[in-house]
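[1] Here you go, sequence then predicted model.
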Amino acid sequence: MINHVLQLEKLGYFKYADKSDVLDLKVNLAECLEKYGEIDTLYFGDDNNPSFEIAKDYRYISVDFEELIENGSPDELQTLSEYLKRRNLPFKWEFNPLYDEDYNEIIINGTKYSINMENTSWNKYAYAFVKIINLELEKLHTDEHLHLIASDNDGEFILLDNKQREYFYQHKLCNEFFIPKLPQQFYEMCINGE
């Protein structure tokens with residue numbers, strides 16, 4: 001598995017990590033892919049806010065999709081903001097939960113979005129959230145997109161470019177449930193027929 005991780009490194013997978021963390025990140029990723037068939041990372045953490053964690057690879061966001069819909073998405077937006085700052089990309093956001101009207105309003109770089117929460121499953125909310133983020137990433141002309149991994153209360157998000165995502169697919173590095181999915185792939189696999 002380490003050869004696959006080295007190939008991912010050549011594809012820029014670790015390029016945003018601090019050089020002093022890269023070896024540990026590579027070992028951890030290889031072990032998780034080998035043992036569990038899933039992507040994992042190491043975190044800096046934040047003692048003041050344990051729910052807000054920054055991954056040392058500046059790619060991975062662990063998300064409980066149930067909490068995402070119940071609490072909105074401020075932690076995930078803050079984490080993305082930190083990751084995109086590392087890429088020198090602007091990402092100004094505002095989150096407004098409008099519980100009386102059954103939707104959340106998210107403003108990113110001046111564009112207002114809303115996600116309906118009425119009769120929305122955890123997966124559908126995560127799907128809508130990632131679609132919004134990817135619209136904004138396209139506006140920033142980055143080659144990375146936010147992907148969904150797993151579903152329900154065991155979800156994750158990860159920022160990957162097309163070459164990195166294709167490498168995971170071509171070499172079947174993850175179990176099918178844990179493969180990074182673009183929103184449409186996630187919809188077809190996890191939402192269609194809910």
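    It's in. Numbers count the residues shown, from 1 in each chain.

[2] can we go C-alpha only for contacts and neighbour counts from here?
    Noted.

[3] Could you report the neighbour count for the closest residue to residue 97 other than its chain neighbours?
    Leaving aside its chain neighbours, residue 97 sits nearest to residue 104 (4.5 Å; criterion: Cα to Cα, 6 or more residues apart in numbering). If you count neighbours by other Cα atoms under 10 Å, residue 104 ends up with 19.

[4] ok, now residue 23?
    Residue 23 has 11 neighbours, counted by other Cα under 10 Å.

[5] isn't the residue nearest to residue 97 right up against residue 112?
    No: between residue 104 and residue 112 there is no contact, the gap being 10.5 Å when judged by Cα atoms under 8 Å.

[6] where's residue 126, which helix or strand?
    Element membership of residue 126 [criterion: DSSP states H and E] is helix 122-139.

[7] who does that helix touch, helix- and strand-wise?
    For helix 122-139, the packing partners by 3 or more Cα pairs under 8 Å, 6 or more residues apart in numbering; DSSP states H and E come out as helix 65-71, strand 111-116, strand 144-149, helix 183-186.

[8] which of these is buried the deepest?
    Compared across the helices and strands packed on helix 122-139, strand 144-149 shows the largest average neighbour count, a mean of 24 (mean count of other Cα atoms under 10 Å).

[9] Any chance of a markdown table for the helices and strands packed on helix 122-139, columns mean pLDDT?
    Formatted as a markdown table, these follow (pLDDT from 0 to 100):
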| stretch | mean pLDDT |
| --- | --- |
| helix 65-71 | 78 |
| strand 111-116 | 90 |
| strand 144-149 | 95 |
| helix 183-186 | 90 |
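
[10] Need those in a markdown table (columns: distance to residue 155).
    Below are these laid out as a markdown table (distance: least, Cα to Cα, whole Å):
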| stretch | distance to residue 155 |
| --- | --- |
| helix 65-71 | 6 |
| strand 111-116 | 18 |
| strand 144-149 | 6 |
| helix 183-186 | 11 |
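
[11] Nearest to residue 176, out of the ones you listed?
    strand 144-149 (9.6 Å; Cα to Cα).

[12] CA atoms only for the closest one, dumped as CSV, please.
    Once non-C-alpha atoms are left out, strand 144-149 reads as follows in CSV (Å, rounded to 0.1, in the frame of the first residue of the first chain):
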residue,chain,number,x,y,z
GLU,A,144,-10.0,20.6,-6.3
HIS,A,145,-13.6,19.6,-5.4
LEU,A,146,-15.1,18.6,-2.1
HIS,A,147,-16.0,14.9,-2.1
LEU,A,148,-18.2,12.9,0.2
ILE,A,149,-17.1,9.7,1.9
